[in-house]
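*Asks:* coords please:
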Amino acid sequence: MISPVELRHILHQNPELGFEEFETTKILEKNIIDLSKQYNTKIEILKPLSTGLVVKYTPLKNNNYILFRADIDALPIKEKNEIKFKSKNNFMHACGHDIHMSILYGLIEYVLKNNIQKNLLFLFQPAEEGGGGAKKILESGIFNKFNISKAYALHVTDEYEKGTIATSKGVLFASAVEIDIEFFGKNAHIAFPQDGKNALNAMRIFLDSIEKIPKNPTSPLLFGIGKIQSGEVRNVIPSYAKIEGSIRSLNLDYTESYINKLNKILKSIENFTEVKYEITMGSRYKEVVNDEYLYNEFIEKINNEYQIINCGYKMTGEDFGFIAEKYPSLMFWLGTKVDKKFGLHSPYFLPDDSIINIGIEIFKKILK
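*Replies:* Numbering: from 1, shown residues only. All right, here's what the predicted structure looks like:
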């Protein structure tokens, strides 16, 4: 039987991308089964998808359950930390999911060791980073036979000092929609622009136009563009251009209405440039909404022992929103900052091992 910290080191060295977490799933399953043998306690391992798993713990005969969730996938980032348990491949747990898994593993150990008299489900969820794993877990129907009264999750961050808890009532994380916009024109030599249809120019007009869409200060929305591509050689008008971005707002329906505005702008540009366009939508994450009752209950349980920050909403995307839409839920940030701040998704993001025990203790208080 290994400790939560030892598990973290193993997982950190073997990160895997969304829906490819086969080794991660094997590591988790083996060590969780070892826990059940060590404490001679019955559990059931459920596998609704090809990766990830659900641990079912049922000491009571009723069908009421509390759900705890940890995400398990990594990012396509090359780690730059020089540590003994550095990633062995070109991926990295740069969003702290190795910590999340280790905290949940530690909670399972506590529950089994102390024979906690509550029915619990522990979800080790694949593909949070853009794959919408939470939605696919729910669509599998795995939870339909359970009466889930509450769901909890945390996310580490070095935005806040180590051990600080940041959360809020209502919307905590924004809805997030991945969007690609492609422009299709016609090549021509730059000396003969009349023979071509400039896709790059159509994209430039679009980018200028979206800046003029009126902003609603009461309904925040961000359209962030992380990647643009166009052109092949310097003396040929580009026939193709592409934008890759993400739209964040506090309500997925509001995002949909904004996308309708983008469509109208693009159609207008197509009419006078003759450059056609196509919008492709990627993952769509619901906003994460904290239940007011669970929020108040949570704060009451931890108020005397932890620094708590009411952080309001963040434009961060999180697919726990699908779970929060279906069940009363509570999610919170757990601060990890000790010295420098690198930020999530940085090749240098590396929470200290000691944060694992802090997370376990917070989850334990939720159970009391």
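*Asks:* neighbouring contacts of the helix ranked longest in the chain?
*Replies:* In the chain, assigned by DSSP state H, the helix with the most residues is helix 252-273. Contacts to helix 252-273, defined as C-beta atoms under 8 Å, 6 or more residues apart in numbering, come from residues 175, 177, 179, 181, 185, 197-198, 201-202, 205-206, 209-210, 213, 219, 221, 223, 247-249, 275-277, 279, 281, 284-287. For every residue, glycine as well, the C-beta is placed using N, CA and C.
*Asks:* which ones among these lie within helices?
*Replies:* Counted as lying in helices by DSSP H, out of those, are Asn201, Ala202, Ile205, Phe206, Ser209, Ile210.
*Asks:* most neighbours among the residues you listed, please name it.
*Replies:* For the ones in helices among the contacts of helix 252-273, neighbours were counted using other C-beta atoms under 10 Å, and Ala202 has the most, 25 neighbours in all.
*Asks:* dump the residue contacts of the residue lying closest to that residue once chain neighbours are set aside.
*Replies:* Closest residue to Ala202 apart from its sequence neighbours, by C-beta to C-beta, 6 or more residues apart in numbering: Val275 at 3.8 Å. Counting by C-beta under 8 Å, 6+ apart, Val275 touches Phe183, Phe184, Gly185, Lys197, Asn198, Ala199, Asn201, Ala202, Ile269.
*Asks:* equivalent analysis for Glu318, please.
*Replies:* For Glu318, the contacting residues are Glu128, His155, Phe173, Ala176, Tyr285, Val288, Met331, by C-beta under 8 Å, 6+ apart.
*Asks:* roughly how far apart are the first one and Ile259?
*Replies:* Right, the one you point to is Glu128. Noted for Glu128: a distance of 23 Å to Ile259, by C-beta to C-beta, to the nearest Å.
*Asks:* go on, the last one?
*Replies:* Summarising the geometry, the distance separating Met331 from Ile259, computed by C-beta to C-beta, is 26 Å.
*Asks:* also the third one?
*Replies:* Summarising the geometry, the distance separating Phe173 from Ile259, computed by C-beta to C-beta, is 19 Å.
*Asks:* could you do the fourth one as well?
*Replies:* In this view, Ala176 and Ile259 are 13 Å apart by C-beta to C-beta.
*Asks:* who touches both of those two?
*Replies:* In terms of C-beta under 8 Å, 6+ apart, Ala176 and Ile259 are both contacted by the residues Ile247.
*Asks:* what segments of the stretch 101-250 of the chain are strands?
*Replies:* Taking DSSP state E, counting those that start in this stretch to define them, one finds strands in the stretch 101-250 of the chain at 120-125, 147-161, 165-167, 170-184, 188-189, 221-230, 236-237, 240-249.
*Asks:* return the most buried member of those strands.
*Replies:* strand 120-125 (a mean of 24; mean count of other C-beta atoms under 10 Å).
*Asks:* then Ile309 would be within a strand, right?
*Replies:* Yes - Ile309: assigned to a strand according to DSSP: H, G, I helix; E, B strand; the rest coil.
*Asks:* find the nearest non-adjacent residue to it, please.
*Replies:* The spatial neighbour of Ile309 that comes closest, neighbours along the chain excluded (C-beta to C-beta, 6+ apart), is Ala166 at 4.2 Å.
*Asks:* cool, Ala199 as well?
*Replies:* Gly185 (3.7 Å).
*Asks:* check the gap between the one you found and Ser239 for me.
*Replies:* Counting by C-beta to C-beta, the gap from Gly185 to Ser239 is 5 Å.
*Asks:* which neighbours do those two share?
*Replies:* With C-beta under 8 Å, 6+ apart, Gly185 and Ser239 have common neighbours Gly196, Lys197, Ala199.
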